[in-house]
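Visitor: Predicted model and sequence follow; I will ask about them next.
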Amino acid sequence: MENKVRVRFAPSPTGPLHIGGVRTALFNYLFARQNGGTMILRIEDTDSNRFVPGAEDYINEALQWLGIGIDEGVREGGNFGPYKQSERRDIYRKYVKQLLDNGKAYIAFDTPEELDTKRKEVANFQYDASTRMSMRNSLSLPKEEVDRLIAAGEKYVVRILVEPNRDVLVNDLIRGEVTINSSVIDDKVLYKSADDLPTYHLANIVDDHLMEVTHVIRGEEWLPSAPLHVLLYEAFGWKDTMPQFVHLPLLLKPDGKGKLSKRDGDRLGFPVFPLEWHDPVTGDISSGYRERGYLPQAVVNFLALLGWNPGTDQEIFSMEELIKAFSFEHCSKKGAKFDFEKGKWFNHEYLMNMDDAELAEIFKPELAKHGIDASQFSDDYIARAVGMIKSRINFVGDIWDNAKFFFQAPTEYAPKDIKKRWKEDTPETMRLLIEVIKGIDDMTSANAEAIVLGWIKDNELHLGNVMNAFRLTVVGECKGPHMFDIAELMGKDEIIARIERGIENIKPIVE
RNA sequence: GGUGGUAUCGUCUAGUGGCCCAGGACGCUGGCCUCUCACGCCGGAAACCGGGGUUCGACUCCCCGUACCACUACCA
């Protein structure tokens, strides 16, 4: 099909995929799916110095966890491969030669050291039309000298030849037209001598062209180099098939200024990576959303609303709904400060709306972590237990703290609650309560409640004191679900046993 | 320093000249519900960066200023 949407997410395997990168991937994915297009995952490993083992696997695993599907890529294959730039050397060489032959680029012999000193000597030094003739390159040097240097094995780079004083127009789908004068664009290195690979700029344009990418959706940090990319499309004669540009606003630090970085997560106590990452070099461990107990749907939903809005009051979106509702018109131009509190709320919402049985399955490993053999309890028991506490948690990891009493009798009782609810005469009341409960045949919540509350009323006891003392013996503290729902689930024998233990172990606190 | 981008409650944002003495959500907060903690429900505080224009009328358009962000590598 002609004009079929093709987008790519093109991360560098230089470490764990950053949450901002995840957002970029997500928007690419949403746009692709919405238009029945293709989502490409291209690995941009043209910086051999920064390559990190494991990073590529991490990217794949993270996207998979989040449900961001890839149609073409290193793993998925496709008709436009290879999808890893380090495997495309020959392709890039061919196109660099084309540029050189057309006079759109030239070779330069200046070493990194020479450039460094130049930058120190000259304020605002820029390798461009105004300076290139004073540098060592194929434009400034006689041809014989150039040939001699090459023959002598001198290292050189290829630079784009930027014509000065021309307005370069970039059309961006969320920012409109951006114009930049070519005089402020430098003769960027297209091909590096250091590792015999192209730079991002060249590889990016060649690959997007060859892979027939229709929309380049990337972070705002690329906006300044977009004009250079336009110039490159022109130099290759590909202007008419140039993709649409879309520069997404950045994810910023929650406090202070600047874009969200790895350090912010450590500093503020929240993950900036989707998955936990073990750095192979330093051995450092960075926390991930998955390991923190986030649901992938919640992370996706939260990220989608950072920099995009539906134009309505709806906030909870499934992936399918996002695909339907997404649009660049409703993308913000402004960087979004990362609000971890809102992220927690999203997770809370998803947890609360999750099916009890499904949540129970996620919770089972947590039980094991705390030394509980889940097989002692029926699936139904665990499901009903988590169902009762899910409205009061934000993370899967919070379930244990709130639900442990369902799986083990309390060994400690909250002093604050003892002080308030456990008086000298409480043990006697509890003994009477045991007798009342023993007499109940049907422990169904409503029935048991009617009987116990009736007994409290008939004997003119204090409802709050009795119920909270009761709760203290069963739960260990004065919080949690409805008492008679707990009683129904745990059963008469267990409840009575716990009250007895409470009578035995809880001593009034007097000051 | 240069270039580009951006500018509405603390935060994410709605708003595309009159519907806005600015709406929603998170967070904060008062109350209700209630055996407790949550959930839920009802309420509250909280914003159009500043200055000039344009216009009958500007949060919305233009200019200037300011602030913030990004880029300014043989990194992506």
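Guide: Nice, I can see it.

Visitor: any idea how far A:P508 lies from A:E428?
Guide: 12 Å (CB to CB, to the nearest Å). All C-beta spots, glycine's among them, are computed from the backbone N, C-alpha and C.

Visitor: check contacts around A:K364.
Guide: Going by CB atoms under 8 Å, 6 or more residues apart in numbering, A:K364 touches A:374, A:382.

Visitor: A:I382 now?
Guide: Per CB under 8 Å, 6+ apart, neighbours of A:I382: A:360, A:363-364, A:367, A:374.

Visitor: so which one among those residues has the lowest pLDDT?
Guide: The pLDDT minimum for these sits at A:A374, where the score is 90.

Visitor: And for the closest residue to RNA strand B within chain A, the neighbour number?
Guide: With CB to the nearest atom of the strand as the measure, A:K257 is the residue of chain A nearest to RNA strand B, at 2.2 Å. Neighbours of A:K257 under the rule other CB atoms under 10 Å: 7.

Visitor: Spell out the secondary structure type for it.
Guide: coil (DSSP: H, G, I helix; E, B strand; the rest coil).

Visitor: Now do it against A:D110, distance only.
Guide: In terms of CB to CB, A:K257 sits 35 Å off from A:D110.

Visitor: Output the below-cut-off pLDDT ranges for the stretch 1-150 of chain A.
Guide: A:1-3 (pLDDT under 70).

Visitor: What residues does it have near RNA strand B?
Guide: A:10-12, A:14, A:44, A:46-47, A:49-50, A:110-112, A:115, A:119, A:124, A:126-127 (CB under 7 Å from any atom of the strand).

Visitor: try it again with 10 Å
Guide: Residues of the stretch 1-150 of chain A found near RNA strand B, taking CB under 10 Å from any atom of the strand as the criterion, are A:10-14, A:21, A:42-51, A:85, A:108-116, A:118-119, A:123-127.

Visitor: Inside strands: which ones of these?
Guide: Residues of those located in strands (DSSP state E): A:A108.

Visitor: In helices, which of the residues of the stretch 1-150 of chain A next to RNA strand B appear?
Guide: A:21, A:112-116, A:118-119 (DSSP state H).

Visitor: Please produce a PyMOL select command covering the buried subset of these.
Guide: A single PyMOL command suffices to select whichever of those are buried according to 16 or more other CB atoms under 10 Å:
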select buried, chain A and resi 21+115
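
Visitor: Kindly reformat the ones in helices among the residues of the stretch 1-150 of chain A next to RNA strand B as a markdown table containing distance to A:N465.
Guide: Shown next, in a markdown table, are those (distance: CB to CB, whole Å):
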| residue | distance to A:N465 |
| --- | --- |
| A:G21 | 56 |
| A:P112 | 79 |
| A:E113 | 82 |
| A:E114 | 85 |
| A:L115 | 81 |
| A:D116 | 78 |
| A:K118 | 83 |
| A:R119 | 78 |
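
Visitor: which of the ones in helices among the residues of the stretch 1-150 of chain A next to RNA strand B lies closest to A:E144?
Guide: Closest approach between these and A:E144, by CB to CB: A:E114, at 21.4 Å.

Visitor: and A:F245, that's in a helix?
Guide: No. If the criterion is three-state DSSP, then A:F245 is strand and not within a helix.

Visitor: what's the neighbour count on A:E329?
Guide: Residues near A:E329, counting by other CB under 10 Å: 9.

Visitor: Please apply the same query to A:K342.
Guide: 13.

Visitor: tell me the contacts of it?
Guide: So A:K342 contacts A:F302 (CB under 8 Å, 6+ apart).

Visitor: is it true that A:I107 touches A:V158?
Guide: Yes. With contact defined as CB atoms under 8 Å, A:I107 counts as touching A:V158 (5.5 Å).

Visitor: tell me which element A:V96 falls in.
Guide: helix A:89-101 (DSSP states H and E).

Visitor: For that helix, C-alpha coordinates in PDB please.
Guide: The C-alpha trace of helix A:89-101 is given here as PDB (Å, rounded to 0.1, in the frame of the first residue of the first chain):
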ATOM      1  CA  ARG A  89      28.600  -0.300   7.400                       C
ATOM      2  CA  ASP A  90      28.700  -1.100   3.700                       C
ATOM      3  CA  ILE A  91      25.400   0.700   3.100                       C
ATOM      4  CA  TYR A  92      26.700   3.900   4.800                       C
ATOM      5  CA  ARG A  93      30.000   3.800   3.000                       C
ATOM      6  CA  LYS A  94      28.200   3.800  -0.300                       C
ATOM      7  CA  TYR A  95      26.100   6.800   0.600                       C
ATOM      8  CA  VAL A  96      29.000   8.700   2.000                       C
ATOM      9  CA  LYS A  97      30.800   8.200  -1.300                       C
ATOM     10  CA  GLN A  98      27.800   9.500  -3.100                       C
ATOM     11  CA  LEU A  99      27.900  12.700  -1.100                       C
ATOM     12  CA  LEU A 100      31.600  13.100  -1.600                       C
ATOM     13  CA  ASP A 101      31.200  12.500  -5.400                       C
END
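
Visitor: What residues sit buried inside that helix?
Guide: A:91-92, A:95-96, A:99-100.

Visitor: same deal with stretch A:173-183?
Guide: Buried residues in stretch A:173-183 (16+ other CB under 10 Å): A:173-175, A:178, A:180, A:182-183.

Visitor: Next, count neighbours for A:V475.
Guide: Neighbour tally, A:V475, other CB under 10 Å: 24.

Visitor: residues touching the closest residue to it other than its chain neighbours, list them.
Guide: By the measure of CB to CB, 6 or more residues apart in numbering, the closest residue to A:V475 outside its immediate chain neighbours is A:F405, 4.8 Å from it. Under the criterion of CB under 8 Å, 6+ apart, the neighbours of A:F405 are A:474-476, A:480, A:486.

Visitor: show me where pLDDT drops low in the stretch 401-511 of chain A?
Guide: A:511.

Visitor: who in it is up against RNA strand B?
Guide: A:402, A:414, A:417, A:420-421, A:445, A:448-449, A:452-453, A:456, A:462-472, A:474-475, A:477-487.

Visitor: Show the buried residues in those.
Guide: Buried among these (16+ other CB under 10 Å): A:402, A:414, A:417, A:420-421, A:445, A:448-449, A:452, A:456, A:465-472, A:474-475, A:477-478, A:480-481, A:483-487.

Visitor: And the residue nearest to A:V475, how far from A:N79?
Guide: Distance from A:F405 to A:N79, by CB to CB: 58 Å.

Visitor: cool, A:S378 as well?
Guide: Counting by CB to CB, the gap from A:S378 to A:N79 is 52 Å.

Visitor: between these two, who's got more neighbours?
Guide: More crowded of A:S378 and A:N79, by other CB under 10 Å: A:S378, with 10 against 7.

Visitor: quick one, what contacts that one?
Guide: No contacts exist for A:S378 under CB under 8 Å, 6+ apart.

Visitor: before we move on, what about the one 5 residues further on?
Guide: With contacts defined as CB under 8 Å, 6+ apart, the neighbours of A:A383 are A:356-357, A:359-360.

Visitor: if we can go back for a sec, what do A:I107 and A:V158 both touch?
Guide: A:L100.

Visitor: Of the two, which one has the most company?
Guide: The neighbour comparison of A:I107 against A:V158 (other CB under 10 Å) goes to A:V158, with 24 against 21.
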